[in-house]
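> Predicted structure and sequence below. I'll ask about it afterward.
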Amino acid sequence: MSLLRTHNCNELRKEHIGTAVTLAGWVNRRRDHGGLIFIDLRDRAGIVQTVFNPETSPDALKNAEEMRTEFVVRISGEVNLRPAGTENPHLATGDIEVIVKEAEILNTSRTPPFYINEEVEIEENLRLKYRYLDLRRPRMKENILLRHRVVKFMRDFLDARGFVDVETPILIKSTPEGARDYLVPSRVHPGEFYALPQSPQQIKQLLMVGGLEKYYQMARCFRDEDTRADRQPEHTQLDVEMSFVEQEDILRLMEELYTSLVTTITPQKRVVKPFPRFTYRDIMERYASDKPDLRYALEIADLTDIAGQTEFTIFTDAITGGGRVKGLAAPGCGNYTRHQLDELNRLVLDSGAKGLLTVSLGHPGGTLDELAIDDVKSVAAKYLTLDQIQEMAQLCRADKGDLLLIVAGQENEIYPALDVLRREIACRLKLADPDTFAFAFVVDFPMFTRSEETGKWEAIHHPFTHPRPEDIPLLDTSPGDVIGQNYDIICNGYELASGSIRIHNADLQRKIFKLMGYQDEEIENLFGHMLEAFDYGAPPHGGIAPGIDRTVMLLAGEDTIREVIAFPKTQSAMDLTFGAPSPVTEEQLKELHIDLREE
RNA sequence: GGCCCCGUGGUGUAGCGGUCUAACAUGCCACCCUGUCACGGUGGAGAUCGGGGGUUCAAAUCCCCCCGGGGUCGCCA
């Protein structure tokens, strides 16, 4: 195995009995019986019990008395069957133990700042400061090993299908759109900067022009924007691009990749193939989100028609103002207390909607037809007829005993509220099965949205997305109606991947840039390299980029991607292990031609 | 930048105006212990309760500001 050891701590079994072994690892636990000492030795592979006996090896025992938690030690001895009745079924190596003949302390350790041998929640900033110790703990160790298996699987999967792994530059050109770039000053070119890639988007398209046909890369992507539980300043994408493909080719490839990944890496989890497909419009209508958790239904119903017939002015005013009335049913929540209803109302207000109307549909039992007006509890009850309530309940697929949650207003203000409500109810009712991955494709996104600040058309995905061929004429007449050939993979409430068929024609690409308000000169400056490349026989191509961190997070059952990243950054983008970012010397700044401004 | 949550011995928690000279568990140190495996036993050390200011006769506890961590909106082509 190596010069320092013959076996790892997890591989010794009954068949090794009598074998002389040398092991090295960390002291996971020491049990000193005064004379007899047990030390659980731990390495990456696992744990084995070693026994120090004063009669067989007094010198080794002397060393063992010095050993403490997390000391690095090396022992030599013989594998023994444990005495009958002392086997430990919790250990893979629990049938045997190593009788130590010689022991050596390779390195001592201070008492760790937190438990390594116990699963206790530790404050995250402490874990991050001592991440190298945190990585020894089972949770992080397993997550990092899982991540390795996921990445290995993806590489093998794509290699087997003819994909070529190409490395692309990390120091590239800053582009104006999208996220804020991380900038790197140039020593050689005073006043000029490189940018770290937000993704290798343009580069991989040029690889297609370069004739690679099938490219992939574990690509690090950098975005100087605020973090979230599922967002870090740097993250890793499985960047994929293919030539001579249509959208359908890419979706099928991804469906195959993800289903085989899950069945191979986490066979205990459920996954449904084929993945359901939704248009953007459809999924927003039904779930008020472009990445809903589809492990549960809780579909959102459009109540605008019936709400417009009521005497309830909050509804009718909203509709008159061009808004909609939408709602969902919270199963079995008809008995919610005032306090619980207030909590839901608070969520709605915090999400920016004007308010929440709750309609309690009495007690469970019987059908909606048997609902009496006296069963109904709602502040709007006197403005609604029983027929209207029953119809709204029916549209929400509600039963007696349920709670209707209804929000009225403009779509852009009620959708966040409906999304929050849907997730909150699912959380309270524990509707999301932790052992299921509900993948889905979302397709047919609009290409452009009009910026509220500038009034300009902005790309929803990115400006290299190819419009649906039939929509190209709309570029001249109504850009907001143009649907792009782009697609997301969503799973359990997360956007896992995003991709598109790209433009490979310089004229069309130029047209898109112009539509977005770029002047000819800007276009040549910023994107001339792309447009020129398209003039030299660019093949039709498209791709996608699944997020590795989010994928591993889901497979690991974690709630944040920090748990699957060896050295993640905090919400304020700091690396607590290294203390980055940090000031640099005046000499360094001078070399880079940088003066710091007073803020 | 907005909103919300958290910060008490090394670690995890309790305490939420006076009984706090701050409790419990674990870890740590010492001694005892030859079959434990979260070993056991006895003893001990260890906290100006994130920092500052205020209210009060009295503050870990109430108020304000700041710092740090987290969640989220904005942001993330």
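Right, received. Where do you want to start? What you see is a predicted model, and the numbers here were worked out from it, not measured in a lab.

> The stretch 151-300 of chain A against RNA strand B: which residues are in contact?
Neighbours of RNA strand B within the stretch 151-300 of chain A, by CB under 7 Å from any atom of the strand: A:175, A:177-180, A:198-199, A:201, A:223, A:225-231. In this view, the C-beta of every residue, glycine as well, is placed from N, C-alpha and C.

> do that again at 10 Å, thanks
Residues of the stretch 151-300 of chain A found near RNA strand B, taking CB under 10 Å from any atom of the strand as the criterion, are A:175-180, A:197-204, A:221, A:223-232, A:235, A:289-290.

> Kindly report the same for the stretch 451-599 of chain A.
A:451-453, A:458-465, A:486, A:493-495, A:498, A:500, A:516, A:545, A:559-563, A:568-576.

> Sort out for me which of these are in helices.
Where those are compared with helices, as defined by DSSP state H, there is no overlap at all.

> which among these end up buried?
Buried by 16 or more other CB atoms under 10 Å: A:458-459, A:461-465, A:486, A:493-495, A:498, A:500, A:516, A:545, A:560-563, A:568-569, A:574-576, out of these.

> got the contact list for the residue in chain A that RNA strand B sits nearest to?
Scanning chain A for proximity to RNA strand B using CB to the nearest atom of the strand identifies A:Gly34 as nearest, at 2.1 Å. Residues touching A:Gly34, when contacts are defined by CB atoms under 8 Å, 6 or more residues apart in numbering, are absent altogether.

> pLDDT wise, what is it at?
On pLDDT, A:Gly34 comes in at 91.

> and it, how far is that from A:Phe52?
With the distance defined as CB to CB, to the nearest Å, A:Gly34 ends up 12 Å from A:Phe52.

> After the longest helix along chain A, heading C-terminal, what element do we hit next?
In chain A, with assignment by DSSP H, the single longest helix is helix A:138-159. Tracing the chain past helix A:138-159, the next element assigned as helix or strand by DSSP states H and E is strand A:164-165.

> Tell me the helices and strands packed up against that next one.
For strand A:164-165, the contact count by 3 or more CB pairs under 8 Å, 6 or more residues apart in numbering; DSSP states H and E identifies helix A:138-159, strand A:214-222 as packing neighbours.

> just to revisit the earlier point, so how do I select the buried members of the residues of the stretch 151-300 of chain A next to RNA strand B in ChimeraX?
Buried members of these, defined by 16+ other CB under 10 Å, are picked up in ChimeraX with:
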select /A:175,197,198,199,200,201,202,203,204,221,223,227,230,231,232,235,289,290
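
> Take the residues of the stretch 151-300 of chain A next to RNA strand B and keep only those in strands.
Those of those mapping onto strands are A:Cys221, A:His235, per DSSP state E.

> What about the residues of the stretch 151-300 of chain A next to RNA strand B, which are in helices?
Using DSSP H, the members of those that fall within helices are A:Gln201, A:Gln202, A:Ile203, A:Lys204.

> any weak-confidence spans in chain A?
Within chain A, the set of residues satisfying pLDDT under 70 comprises A:1, A:599.

> Out of the helices and strands packed on strand A:164-165, which one sits most buried?
Of the helices and strands packed on strand A:164-165, the one with the most neighbours on average (mean count of other CB atoms under 10 Å) is strand A:214-222, at a mean of 20.

> Can you give the strand pairings for it, parallel or anti for each?
The sheet places strand A:214-222 alongside strand A:164-165 (parallel), strand A:234-243 (antiparallel), with pairing taken from DSSP bridges.

> Format those as a markdown table; extra columns: distance to A:Arg597.
Below are the strands paired with strand A:214-222 laid out as a markdown table (distance: least, CB to CB, whole Å):
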| stretch | distance to A:Arg597 |
| --- | --- |
| strand A:164-165 | 42 |
| strand A:234-243 | 26 |
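
> Most tightly packed of the ones you listed?
strand A:234-243 (a mean of 23).

> For it, which outside residues touch it?
By CB under 8 Å, 6+ apart, the list of residues contacting strand A:234-243 from outside reads A:154, A:158, A:163, A:199-200, A:204-205, A:207-208, A:212-223, A:249-250, A:253, A:499, A:539-549, A:561, A:569.

> and the next element down the chain from it?
helix A:247-265.

> Can you check what angle separates that following helix from strand A:234-243?
Interaxial angle of helix A:247-265 relative to strand A:234-243 (axes from the mean of the first three to the mean of the last three CA atoms, to 10 degrees): 130 degrees.

> buried stuff in helix A:247-265?
Going through helix A:247-265 with 16+ other CB under 10 Å, the ones that come out buried are A:Gln247, A:Ile250, A:Leu251, A:Leu253, A:Met254, A:Glu255, A:Leu257, A:Tyr258, A:Thr259, A:Leu261, A:Val262, A:Ile265.

> wait, doesn't the last one sit right on A:Leu555?
Yes: A:Ile265 is within contact range of A:Leu555, at 6.2 Å (criterion: CB atoms under 8 Å).

> what's the overlap in contacts for the two?
Shared contacts of A:Ile265 and A:Leu555, defined by CB under 8 Å, 6+ apart, are found at A:Leu146, A:Val150.

> Which helix or which strand is home to A:Leu106?
Secondary structure here is read from DSSP H and E; on that basis A:Leu106 sits in strand A:96-107.
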